[in-house]
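Student: Structure, please.
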Amino acid sequence: MIYTVMNSFKLVRKVSARTWRSFSRCTVLQQEVSEAISPLIIPPPEGVDKPVSPKIEKIVTDITNLNLLEVSELSQVLKRRLNLPDAPMMPMGGFAAMAAPAAQDEEEAAPKAVKTSFTVKMTKYDDKQKVALIKEVKSLLEGFNLVQAKKFVESVPTVVKADISKDEAEKLKEALSKVGAVIEID
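Tutor: Just a heads-up that it's a prediction; the model follows:
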């Protein structure tokens, strides 16, 4: 046993100080890295509630134990602290049924508004006249080259132009209808 201890000391003396320092640095770095790496958190499987922190769990428990007056008071305090607007609650489904008669009364009282802007939509086209339609789209719509016009025609149904006058919409419909397009004006 004494012999092995003596051999160990001889080996230690033969190793340079630089080697001992690098070994020491490596062990310190290894400890720091192992402390810095937190254990991997595995997400819960689908359909299973994910774990909640104890702080949140306590808040939820406290809120569920409140009575209706305390909930109302809590709501008011949160609105003040978070600067939330005082928006009325929308009843589920009942509001739409109550609003319909009121809307009809307003429509009868107010005169019908005249529509001033129209949207021209191409819903379909005749395949036999596709080339002529592409050329017409290229000439009618500014900034279109043949490739863009072809892609535009093939992406039917699509809006040709929006927010245009009735006269312009009618002219556009007439020009495109001549070359096999089915046009709707809204």
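Student: show me where the protein has helices.
Tutor: Ranges of helices in the chain, per DSSP state H, are 2-14, 17-36, 54-64, 68-82, 94-109, 130-140, 146-154, 166-178.
Student: Can you tell me what sits against the fourth one?
Tutor: Translated: helix 68-82. 63, 66, 84, 86 (CB atoms under 8 Å, 6 or more residues apart in numbering). No exception for glycine: its C-beta is placed from N, CA and C like everyone else's.
Student: coming back round to it: weakest of the helices of the chain in terms of mean pLDDT?
Tutor: Mean pLDDT values for the helices of the chain show the minimum at helix 94-109, a mean of 54.
Student: so who does Pro54 touch?
Tutor: No contacts exist for Pro54 under CB under 8 Å, 6+ apart.
Student: quick one: it from Asn145, how far?
Tutor: 64 Å (CB to CB, to the nearest Å).
Student: Lys124 too?
Tutor: Counting by CB to CB, the gap from Lys124 to Asn145 is 23 Å.
Student: neighbour count winner among those two?
Tutor: Lys124 (11 against 8; other CB atoms under 10 Å).
Student: Return the per-residue confidence for that one.
Tutor: On the pLDDT scale, Lys124 gets 89.
Student: partner residues bridging it?
Tutor: For Lys124, the beta-bridge partners are Val182 (DSSP bridges).
Student: which ones are touching it?
Tutor: With CB under 8 Å, 6+ apart, Lys124 has these contacts: 156-157, 181-182.
Student: Show me the two of those that sit farthest apart.
Tutor: Pro157 and Ala181 (10.7 Å; CB to CB).
Student: list the residues that contact both of these two?
Tutor: 122, 124.
Student: between those two, which one's more packed in?
Tutor: Ala181 (24 against 10).
Student: list the contacts for the closest residue to that one other than its chain neighbours?
Tutor: In space, Ala181 comes closest to Tyr125 once its chain neighbours are excluded; the distance is 4.6 Å by CB to CB, 6 or more residues apart in numbering. Contact partners of Tyr125, counting by CB under 8 Å, 6+ apart, are 133, 153, 156, 180-182.
Student: Val137 now?
Tutor: Shown in contact with Val137 (CB under 8 Å, 6+ apart): 144, 149, 152-153, 160, 176.
Student: repeat that with 10 Å
Tutor: 122, 125, 144, 146, 148-150, 152-153, 160, 175-176, 179, 181 (CB atoms under 10 Å, 6 or more residues apart in numbering).
Student: buried subset of these?
Tutor: 122, 125, 144, 149-150, 152-153, 160, 176, 179, 181 (16 or more other CB atoms under 10 Å).
Student: would you list the contacts of helix 68-82 in a markdown table and tack on neighbour count?
Tutor: Conversion of these to a markdown table gives the following (neighbours: other CB atoms under 10 Å):
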| residue | neighbour count |
| --- | --- |
| Ile63 | 11 |
| Leu66 | 12 |
| Leu84 | 10 |
| Asp86 | 6 |
